[in-house]
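Peer 1: any chance you could fold what I've pasted below:
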Amino acid sequence: MLMAIPGDLREAMPTLDWIGKEAVVDHHRHVPYHLLRCDEKLSADEAREVMNMARRLAAIVLLQPALDDNYRRAAASAYAWPGQGA
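Peer 2: Numbering: from 1, shown residues only. Have a look, this model is predicted:
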């Protein structure tokens, strides 16, 4: 589950705008969704790699609260550059 960035942190983050940005940002909404099918059997090494990828993804999900807390602390202690708002 992704957690939203609080408004005060979002406002402090730099933004980048360019012509056609909306088309890029919303691209995933216009690409058809379909399941990937694999007709080949996985080798033992390939199956092990898939298992390791799943473990790494699970670790990131479990670390999310700590990563979010670390982000908040880093953002709170960041240097306030002149002209960048609050």
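Peer 1: point out where the chain drops to low pLDDT.
Peer 2: 1-14, 36, 39, 84-86 (pLDDT under 70).
Peer 1: now the strands for the chain?
Peer 2: Here the chain has no strands by DSSP state E.
Peer 1: show me which helix runs longest in it.
Peer 2: Of all the segments assigned as helix in the chain under DSSP state H, the longest by residue count is helix 44-76.
Peer 1: which other helices and strands contact that helix?
Peer 2: Counting contacts by 3 or more Cβ pairs under 8 Å, 6 or more residues apart in numbering; DSSP states H and E, helix 44-76 is packed against helix 7-12. C-beta coordinates here come from the backbone N, C-alpha and C atoms, glycine included.
Peer 1: return the residues in contact with Val50.
Peer 2: For Val50, the contact set (Cβ atoms under 8 Å, 6 or more residues apart in numbering) comprises Leu42.
Peer 1: so how far is Arg29 from it?
Peer 2: 28 Å (Cβ to Cβ, to the nearest Å).
Peer 1: what about Ala75, neighbour count?
Peer 2: By other Cβ atoms under 10 Å, the residues close to Ala75 number 15.
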